[in-house]
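> coords below, sequence missing:
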């Protein structure tokens, strides 16, 4: 009994240590600073791109040339943002590591609402999702929240048994979200009641993907799971065990699941069976950024700054479309250069949010040719 207890304790300590290494910026700053430094993804709506900078500002850019339309500080001090904002109507919603959700006018950048008004939740690492007149997000306090989108007051909350970093996914009137309590949950989007839960073999930080009435999720036990979206029953667990944890959201295309892993490989699995379609593609650097599908290509970024195009027919990788270490030139020499943020895509253009110790840069890349259309430093020096 004592041996089993010690093993469980060691496993928990190891999990905590590795998590702190993965998101070290939330503890001491992976760039040698004492403040938290986020890696916001970007969302595009009506030819405008919205994302948060490492300085804690929500920025609106023109997608054609990267011109700044407006920017607004989220707080009186720098607020780290790890998730992707959401847009609904004339509002942009973003969750901060300071435990607040902000609603900001998408047209002029004026703050409209904040939740909670007089207090703070635990840190929000999850991205926010807006649908059906509500804003949904997970929180480090282990709860899923639903806020009224217009007034930003709470409509309901659902508790899990551990922290939530996974971003919720909405399909119809159902929310799918993972928790560190090792479970994938399906919730009624209207009232938050639980439809089902499915237990995996490890904590879940990744965002699920819903495809062909199936929810696909990777977790810290190094396996990818396919779960029936209606019943919550297991369809399959991946035939191959990955070398490390699944952190990035998998992508589904043409009945194939593309699952990047922190071991630097992209696992290519049959969506129906979980068997390997072909051997994993090794990109030789951890992958925590969620990929995107553009046309018949899967675009994938490694932590070390290389972006690849993976052909979905031949399953061959391209030469790097871009290497942010080269693009940043002298800025990136002898410094950390990382891509943690999820990729975004619109009209054949991929948007890449990359960082070094001195720069916070957004790139717009032609997904077919690999040509950098424009780049913009988000850091005001």
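Nice, thanks for sending it over. All figures in this text were calculated on a predicted structure; none of them were measured in a lab.
> Pull the distance from the helix or strand where residue 259 lies to the chain's centre.
Using DSSP states H and E, residue 259 sits in strand 256-260. The chain centre lies 15 Å from the centre of strand 256-260; the measure is C-alpha atoms, centre = their mean, to the nearest Å.
> Give me the contacts around that strand.
209, 211, 216, 218, 224, 226, 238, 242, 246, 248, 250-252, 266-271, 277, 287, 289-291, 298, 300, 310, 312 (C-beta atoms under 8 Å, 6 or more residues apart in numbering). No exception for glycine: its C-beta is placed from N, CA and C like everyone else's.
> Can you flag the buried ones in the residues you listed?
Among the contacts of strand 256-260, those buried by neighbour count (16 or more other C-beta atoms under 10 Å) are 209, 211, 216, 218, 224, 226, 238, 242, 246, 248, 250-252, 266-271, 287, 289-291, 298, 300, 310, 312.
> Quick one: residues contacting the most centrally placed residue in the chain.
In the chain, the residue lying closest to the centroid (C-alpha atoms, centre = their mean) is residue 342, at 5.1 Å. Shown in contact with residue 342 (C-beta under 8 Å, 6+ apart): 41, 84, 248-249, 289-290.
> Which members of those residues are positioned in strands?
Nothing among those maps onto strands, per DSSP state E.
> returning to that earlier point: take the contacts of strand 256-260 and keep only those in strands.
209, 211, 216, 218, 224, 226, 251-252, 266-270, 277, 298, 300, 310.
> And for residue 132, the neighbour number?
The local packing of residue 132 (other C-beta atoms under 10 Å) involves 14 other residues.
> Check whether it really touches residue 175, as I assumed.
No. Contact status for residue 132 versus residue 175: not in contact, 10.4 Å apart, counting by C-beta atoms under 8 Å.
> Common neighbours of these two, please.
Counting by C-beta under 8 Å, 6+ apart, the contacts common to residue 132 and residue 175 are residue 189.
> tell me which element residue 112 is part of?
Assessed by DSSP H and E, residue 112 sits inside strand 111-115.
> for the next helix or strand after that strand, packing partners?
Using DSSP H and E, the helix or strand that follows strand 111-115 towards the C-terminus is strand 129-131. The helices and strands touching strand 129-131, judged by 3 or more C-beta pairs under 8 Å, 6 or more residues apart in numbering; DSSP states H and E, are strand 86-88, strand 134-138, strand 169-171.
> Need the residues that contact strand 129-131.
86-88, 91, 93, 135-137, 149, 167-170, 189.
> tell me the mean pLDDT over it?
For strand 129-131, mean pLDDT is 98.
> Which neighbours in the sheet does it have, and how are they oriented?
The pairing partners recorded for strand 129-131 under DSSP bridges are strand 134-138 (antiparallel).
> Could you measure from residue 53 over to residue 42?
Relative to residue 42, residue 53 is positioned 11 Å away (C-beta to C-beta, to the nearest Å).
> actually residue 311, not the one I typed
With C-beta to C-beta as the criterion, residue 311 and residue 42 are 25 Å apart.
> re the thing from before, just checking, what packs against the strand holding residue 112?
Applying 3+ C-beta pairs under 8 Å, 6+ apart, we find strand 111-115 packed against strand 101-105.
> looking at this, the residue nearest to the centre of the chain is in a strand?
No. Residue 342: not assigned to a strand; according to DSSP: H, G, I helix; E, B strand; the rest coil it is coil.
> Could you check how far it is from residue 82?
Note on residue 342: its distance to residue 82, by C-beta to C-beta, is 10 Å.
> circling back to that earlier point, quick check: which of the helices and strands packed on strand 129-131 is buried the most?
Mean neighbours per residue, mean count of other C-beta atoms under 10 Å, is largest over these for strand 134-138, with a mean of 27.
> ok, the nearest residue to residue 95 once chain neighbours are set aside - how many residues close by?
Nearest residue to residue 95 in three dimensions, chain neighbours excluded: residue 124, at 3.8 Å (C-beta to C-beta, 6 or more residues apart in numbering). A count of nearby residues for residue 124, using other C-beta under 10 Å, gives 28.
> Remind me which helix or strand residue 379 belongs to.
Assigned by DSSP H and E, residue 379 falls outside every helix and strand.
> Tally up the residues packed near it, please.
For residue 379, using other C-beta under 10 Å, the count is 15.
> for residue 286, what are its contacts?
244, 262-264, 302-304.
> quick one: which of the residues you listed sit in strands?
Per DSSP E, the contacts of residue 286 never map to strands.
> okay, the residues you listed in a markdown table with neighbour count, pLDDT and distance to residue 184 next?
Output for the contacts of residue 286, formatted as a markdown table (neighbours: other C-beta atoms under 10 Å; pLDDT from 0 to 100; distance: C-beta to C-beta, whole Å):
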| residue | neighbour count | pLDDT | distance to residue 184 |
| --- | --- | --- | --- |
| 244 | 16 | 97 | 20 |
| 262 | 22 | 98 | 19 |
| 263 | 20 | 98 | 22 |
| 264 | 19 | 97 | 25 |
| 302 | 21 | 95 | 26 |
| 303 | 20 | 94 | 25 |
| 304 | 18 | 91 | 30 |
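> ok, these vs residue 70, which is closest?
When the contacts of residue 286 are ranked by distance to residue 70 (C-beta to C-beta), residue 303 comes first, at 30.5 Å.
> still on that earlier bit, for the contacts of residue 286, which one is nearest residue 370?
Among the contacts of residue 286, residue 302 lies closest to residue 370 (C-beta to C-beta), at 15.3 Å.
> Now that closest one. Nearest residue, chain neighbours left out?
Once flanking residues are discounted, residue 302 sits nearest to residue 285: 3.6 Å by C-beta to C-beta, 6+ apart.
> is it true that the one you found touches residue 264?
Yes. Using C-beta under 8 Å, residue 285 is in contact with residue 264, at 5.1 Å.
> what's the overlap in contacts for those two?
residue 302.
> What strands line up against the helix or strand that contains residue 197, and which way round?
Taking DSSP H and E as the definition, residue 197 sits inside strand 194-199. The partner list of strand 194-199 in its sheet, established with DSSP bridges, is strand 183-188 (antiparallel).
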